[in-house]
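Visitor: Just to be clear, the model below is a prediction. Sequence and coordinates:
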Amino acid sequence: MLFDKKIIFSLVSTICILSLIILSLGVNPLDVLVALLKGSVGNNYFLKQTLMTSGILMLTALAAVIPFSARLWNLGAEGQMILGAATASYLGVFLVDRMPVPLSFGTIILFSFLTGALISSFCGFLKVKFNASEVVSTLMVNFIALSVSAWMIFELIPAKMVQRTISIGKEFRIKDPVSIYLNPVFIVGMLCCLLLYVIMTRTKYGFQTRAMGSNIYASKLSGINPSVITVITFFFAGGFAALAGTLIILARDFSLLLNFSSNYGYLGIGVALVARLNPLAVIPIAFIFAMLSVGSNSLQAITGISPMIGNVFVAMLVLSLMFFKVIRFKYPENING
């Protein structure tokens, strides 16, 4: 069960500890709660930001759910997302008036997805070929991505007087829907969660991935090739993360900004763990995390507390779930052993 007694107890204990910390700062915890709600769903503008952020977090969470299910680690969702955003921002400038808009738009989505997917699957290849730690290789992707984005912003296609790239063509920008509840980023994130749930529970690949995560040696005896599953797993994990960055460019920022990510890649790991690697559970958990992330921006103005309190809550909740053994890590093994 997703919400069993241990999860409820972990949540309650986290709220109690955080409330004591807030009280020690001379602020009423109820005032903080009200500020979080007003700053995340209090009006249409904040609700739009929350829905969009939750869609992004769904995708970065899926980038963790897939490999974690196979007892593999992907700590590079942040970098994969940045590379996807960098590819989308470049192609959004380069392809203006070069091809029909639908073809150009599809090209942006495809190549941005492949950028994250290929760099991630290369980490999987290193794991398969040399038994290189995917913890290290995926983490290094984040530093590579930051360097690439800085190069694009300051050297390749810089905008004048501001720290960002040239804006993408207007024809590539995803317009706001008629209803705020039909936010395209939120819908894409939710559809990807539903798609992955079907894949993980109804397909051969999903069965093999879960079998590999349960017992890699037994899965080998049953005819499963862990090397193939590993590379495929990292391919789609990186693709989902890159898609998150692509949507940020096409639907929110319209150019690559310096430090545009609010640690979405790392927050996605928290979403995946709290959801216990269930793609369906990712949807509500991502929305809650998005409320904390967006609502925290209003805290300093209303209560005087740092906006980082939302991230503190997320970190404390994950630690609490680990303490009560709701989250249990299965460490990666030598797939060639």
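Guide: The structure has been received and is ready for your questions. Numbering: from 1, shown residues only.

Visitor: Now do the helices in the stretch 101-250 of the chain.
Guide: Here the stretch 101-250 of the chain has its helices, by DSSP state H, counting those that start in this stretch, at 101-130, 134-151, 184-202, 204-214, 216-221, 226-248.

Visitor: winner for burial among the ones you listed?
Guide: Per-residue neighbour counts averaged over each of these give the maximum for helix 226-248, namely a mean of 27 (mean count of other C-beta atoms under 10 Å). In this view, the C-beta of every residue, glycine as well, is placed from N, C-alpha and C.

Visitor: Can you tell me which helices and strands it packs against?
Guide: Contact partners of helix 226-248 among helices and strands, from 3 or more C-beta pairs under 8 Å, 6 or more residues apart in numbering; DSSP states H and E: helix 44-69, helix 77-94, helix 101-130, helix 184-202, helix 204-214, helix 216-221, helix 264-274.

Visitor: among those helices, which is nearest residue 143?
Guide: Between residue 143 and these, the shortest separation by C-beta to C-beta is 7.3 Å, and it involves helix 77-94.

Visitor: CA atoms of the closest one as CSV?
Guide: Taking only C-alpha atoms (Å, rounded to 0.1, in the frame of the first residue of the first chain), the coordinates of helix 77-94 have been written out as CSV:
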residue,chain,number,x,y,z
ALA,A,77,18.6,13.6,-14.2
GLU,A,78,19.6,17.2,-13.5
GLY,A,79,22.2,17.2,-16.1
GLN,A,80,20.1,15.2,-18.6
MET,A,81,17.4,17.8,-18.2
ILE,A,82,19.8,20.6,-18.8
LEU,A,83,21.1,19.0,-21.9
GLY,A,84,17.6,18.5,-23.2
ALA,A,85,16.9,22.2,-22.5
ALA,A,86,20.1,23.2,-24.2
THR,A,87,19.3,21.2,-27.3
ALA,A,88,15.8,22.6,-27.5
SER,A,89,17.0,26.2,-27.1
TYR,A,90,19.6,25.8,-29.9
LEU,A,91,17.3,24.1,-32.3
GLY,A,92,14.5,26.5,-31.5
VAL,A,93,16.8,29.3,-32.9
PHE,A,94,18.5,27.3,-35.7
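
Visitor: now the helices and strands packed on helix 226-248 as JSON lines including mean pLDDT and distance to residue 291?
Guide: As requested, the helices and strands packed on helix 226-248 are arranged in JSON lines below (pLDDT from 0 to 100; distance: least, C-beta to C-beta, whole Å):
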{"stretch": "helix 44-69", "mean pLDDT": "96", "distance to residue 291": "6"}
{"stretch": "helix 77-94", "mean pLDDT": "97", "distance to residue 291": "20"}
{"stretch": "helix 101-130", "mean pLDDT": "97", "distance to residue 291": "26"}
{"stretch": "helix 184-202", "mean pLDDT": "97", "distance to residue 291": "13"}
{"stretch": "helix 204-214", "mean pLDDT": "93", "distance to residue 291": "30"}
{"stretch": "helix 216-221", "mean pLDDT": "84", "distance to residue 291": "38"}
{"stretch": "helix 264-274", "mean pLDDT": "92", "distance to residue 291": "12"}
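
Visitor: So for residue 149, which of the ones you listed sits nearest?
Guide: helix 77-94 (5.3 Å).

Visitor: For that closest one, buried residues please.
Guide: Using 16 or more other C-beta atoms under 10 Å as the test for burial, helix 77-94 gives 77-93.

Visitor: Could you do stretch 158-171 as well?
Guide: Of the residues in stretch 158-171, those buried by neighbour count under the rule 16+ other C-beta under 10 Å are 164, 165, 166, 167, 168, 169.

Visitor: Look up how far residue 244 lies from the residue nearest to the spatial centre of the chain.
Guide: The centre of the chain sits closest to residue 60, judged by C-alpha atoms, centre = their mean, with a distance of 1.7 Å. Here the distance between residue 60 and residue 244 works out to 5 Å (C-beta to C-beta, to the nearest Å).

Visitor: next one: residue 261
Guide: Summarising the geometry, the distance separating residue 261 from residue 244, computed by C-beta to C-beta, is 9 Å.

Visitor: do residue 272 as well
Guide: 13 Å.

Visitor: Same question for residue 68.
Guide: Plainly put, residue 68 is 17 Å away from residue 244 if you go by C-beta to C-beta.

Visitor: and residue 69, what does it touch?
Guide: Listed by C-beta atoms under 8 Å, 6 or more residues apart in numbering, the contact set of residue 69 reads 200, 209, 210, 213, 277.

Visitor: try 10 Å
Guide: With contacts taken as C-beta atoms under 10 Å, 6 or more residues apart in numbering, residue 69 has the following neighbours: 196, 200, 206, 209-210, 212-214, 233, 272, 277-279, 330.
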